[in-house]
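**Student:** my questions concern the predicted model and sequence given below.
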There are 2 protein chains.
Amino acid sequence: MNILIINSGSSSIKFQLIQMPSEKLICSGLVERIGQKDAILNYKTELVDIKQIEQIKNHTEGLQKVVDLLLDIEKGVIKNTNEIEIIGHRVVHGGNSFSNTTLITDAVKQDIKKFGSLAPLHNPNNLEGIIIAEQLFPNAKQAAIFDTAFFQTLPEKAKRYAIPKALYNEEQIQVYGFHGTSHKYVTEKALDYLKLKTSKIITIHLGNGCSMTAVVNGKSIDHSLGFTPSNGLIMGTRSGDIDHAIVFYLVNSLGYDVDKVNTLLTKESGMLGLTGYSDLRDIESQASKGNDDCKLALVMNAYRIKKYIGAYTAAMNGLDAIVFTAGIGENSSLIRGLVCEDMDYFGINIDPNRNDIRSKDIREINIETSKTKIMVIPTNEELEIAKQAYQLIN
Amino acid sequence: MNILIINSGSSSIKFQLIQMPSEKLICSGLVERIGQKDAILNYKTELVDIKQIEQIKNHTEGLQKVVDLLLDIEKGVIKNTNEIEIIGHRVVHGGNSFSNTTLITDAVKQDIKKFGSLAPLHNPNNLEGIIIAEQLFPNAKQAAIFDTAFFQTLPEKAKRYAIPKALYNEEQIQVYGFHGTSHKYVTEKALDYLKLKTSKIITIHLGNGCSMTAVVNGKSIDHSLGFTPSNGLIMGTRSGDIDHAIVFYLVNSLGYDVDKVNTLLTKESGMLGLTGYSDLRDIESQASKGNDDCKLALVMNAYRIKKYIGAYTAAMNGLDAIVFTAGIGENSSLIRGLVCEDMDYFGINIDPNRNDIRSKDIREINIETSKTKIMVIPTNEELEIAKQAYQLIN
Ligand SMILES: Nc1ncnc2c1ncn2[C@@H]1O[C@H](COP(=O)(O)OP(=O)(O)O)[C@@H](O)[C@H]1O
Ligand SMILES: Nc1ncnc2c1ncn2[C@@H]1O[C@H](COP(=O)(O)OP(=O)(O)O)[C@@H](O)[C@H]1O
């Protein structure tokens, strides 16, 4: 059975065509830097490996280009869209309505749209992916795999905010969590690797969006993103944790419009707000040339992650391993190094040589005697989604 | 020299008359539960110890009653207001204008008023205290001692938010910190007690407002309250840390007015929002009778403190001692117990018997073999203020 996975993100679309149950990868790719002139389309099968650099205005255009390639006589992998049995869509926010993977109906799409107010950088893009996929693959089943599902195990003390309880009971304002598919995937890989009877680990997903999860025996018990994917770690364009009263100050004392503040904190803050760049590669390169804003932003970013490692170690009263994943986590030895620096009190001792090795494999980057393992595990949200879509219809 | 100290807080006024440089306490007292029918006025000298329970409508009425007692022929300690040479006022927010104790002028009062937008529960009460004091003690000097001063040593990575850098450079939006007089006082007491050459401690101030400070060698390096005294720990009526995007959701999706959200998060949240009670004594008593909201709120409150202990231990890469202070920190063995439970990974091992002993003394409540000391140190913001006021005019 052919399963097409679509992960339509904030500035990128990842896609994979996976054969199940063999888990064989037929085709994969990534559209990056969407919205920019030098957008990159990567498309890879057994036979071809294409990289096109061209302007891609929006997600619709990006996804259409992917489908054209899939059907292409020379480079394609299918002849007819009917060869795709099910499409698994990553959907960021499932609110309180979805604790599991589900087939997409009009009602589900309405809900995904509704929860767009909670994940404005994601759900609209996810929904766009679904709508185009429905048009291009009219005979395929469509499934939504929600990032929020992995966090259903959070205990009440981690899920609740200290706000009037009616806002929880009647308005469902609580921690939902995000990037759940990734945290779940790397958790399972880590536990396979570690082979511990009981385990306390922290998974650190650092992409354009960033989050951390405390995981005890495979179940999430705390998480850095909350009601929306806005708080916690410093992200590409999102502030992460701030004093919320800054919002009131911007509105009441500086005369900002509420929507402008929202845009400011989600699209103009984070690494972009501090440095003028949102892509970590640019920031690292500027920092190496002496740019002080970039140097500070890297240190602040790592400092925030350090503090969450400490917080979750306290929440678990122990720490067996930390796991870095996603674009930054897998590739930036600089950020990993800054995070693990001066953390021997937590049994965290990085090996600078191992940290510097580039690889696509699961690996340990701690010194042999490090009490806490430091791991790099490439995430594979697509494979996780394929598994769940497959289970849904079998 | 007689120095009168006025600490006009959110629901209380503390006052002390201190002779300097002898540090002799002439008179002290506390007006509690201001705004309630059963407000309590405590007034104590060498000769009298009065406790009056009566309605006290507001801070003006409370302070007037204190002055009447100070001048009272039988119970008083001064004959004439001229006997007070200087009055030291605790002022919560000094913005970026005050890094030190200062004599009060009209311009200073304007600034204190201006910074009321940053500390709406405090600066207005502080200013009210100053204005009444100026009327009642026309010949005394008046000094403002700012809670924000102790946090001038925060490094940039702890002081800055990941928001557009112009908001820092041009609008001074940054971490200021609060309860600095208390954190400074207990830090000095702790260091005297511990007698360490280098030290890493965490001071935990738990009153109606709550905050924590990471202190390396006597200098603050991180702090849980930020631009305003709204975030961080769960407080009596303030939420502490939330996903700031909840504000946008309340406004955009639930139709709340921005000011209403502000009021909700500062006056109707925290322990009050979770339980209906803001006074921890009430919450502990309800919890012991089986009230589930109160039980959860106590656990949430302690869990947040635990996480900050972990975070600051990571920031310092070590931990010699934690110090509990202020109304809850000094008196609630329940909260201290919940915080220190299951924290042996941090070398924190509480002695339940020592924890239960009520005392006004500096004390250790850890077991002898605990790597990290757990201390209770009664705060004395008034004495700290007296010292600073005295230094200012000598
Ligand atoms: N070699 C690298 N070094 C440093 N950062 C990298 C590298 N490769 C990718 N990144 C960073 O990873 C981030 C994107 O991660 P990704 O997981 O693709 O994001 P998302 O899926 O959230 O859109 C970008 O900030 C990018 O700069
Ligand atoms: N014996 C006690 N047990 C538990 N909590 C107490 C006790 N005594 C005082 N408190 C709590 O201390 C808090 C007030 O602390 P305080 O330092 O006086 O506040 P602030 O100075 O911020 O107004 C209240 O929540 C009160 O319930």
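**Tutor:** Cool, got the structure. Ligands and ions are numbered 1, 2, ... in the order given.
**Student:** which residues make contact with stretch A:51-67 from outside it?
**Tutor:** Stretch A:51-67 is touched from outside by A:6, A:8, A:13, A:15, A:29, A:31, A:33-43, A:81, A:125, A:128-129, A:132-133, A:136, with contacts defined as Cβ atoms under 8 Å, 6 or more residues apart in numbering or on different chains. Placement of C-beta: from N, CA and C, glycine included.
**Student:** quick one: the helices in the stretch 251-394 of chain A?
**Tutor:** With helices called from DSSP state H, counting those that start in this stretch, the stretch 251-394 of chain A shows them at A:258-267, A:270-275, A:280-288, A:292-316, A:326-331, A:333-340, A:352-356, A:381-392.
**Student:** which of the contacts of stretch A:51-67 are close to chain B?
**Tutor:** Filtering the contacts of stretch A:51-67 for proximity to chain B by Cβ under 8 Å from any Cβ of the partner chain leaves nothing.
**Student:** let's see which of those end up in helices.
**Tutor:** Of the positions in the contacts of stretch A:51-67, A:125, A:128-129, A:132-133, A:136 sit in helices, assigned by DSSP state H.
**Student:** how near is the residue in the stretch 201-350 of chain A positioned nearest to ligand 2 to chain B?
**Tutor:** Nearest residue of the stretch 201-350 of chain A to ligand 2, counting by Cβ to the nearest ligand atom: residue A:245, 17.6 Å away. Look at residue A:245 and chain B: by Cβ to the nearest Cβ, to the nearest Å, they are 4 Å apart.
**Student:** what's the answer for residue A:217, then?
**Tutor:** According to Cβ to the nearest Cβ, residue A:217 stands 15 Å off from chain B.
**Student:** returning to what we had before: buried among the contacts of stretch A:51-67? Make that a PyMOL selection.
**Tutor:** A single PyMOL command suffices to select whichever of the contacts of stretch A:51-67 are buried according to 16 or more other Cβ atoms under 10 Å in any protein chain shown:
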select buried, chain A and resi 6+8+13+15+29+31+33+34+39+40+41+43+81+125+128+129+132+133+136
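**Student:** tell me if the lengthiest strand in chain A is near ligand 1.
**Tutor:** Using DSSP state E, we find that the single longest strand of chain A is strand A:24-32. No - no part of strand A:24-32 sits close enough to ligand 1 to count as contact by Cβ under 6 Å from any ligand atom; the gap is at least 7.4 Å.
**Student:** near ligand 1, which residues of chain A are found?
**Tutor:** A:9-12, A:207-209, A:236, A:279-281, A:284, A:326-328, A:331-332.
**Student:** quick check on those residues: which are buried?
**Tutor:** Buried among the residues of chain A next to ligand 1 by 16+ other Cβ under 10 Å: A:9-12, A:207-209, A:236, A:279-280, A:284, A:326-328, A:331-332.
**Student:** what's the most distant pair in those residues?
**Tutor:** Across these, no pair lies farther apart than A:9 and A:284, at 21.0 Å, counting by Cβ to Cβ.
**Student:** and the strands in chain A?
**Tutor:** So, for chain A - with DSSP E - the strands run A:2-8, A:13-19, A:24-32, A:39-45, A:49-54, A:86-91, A:102-103, A:141-146, A:200-206, A:210-216, A:219-223, A:321-325, A:363-364, A:373-376.
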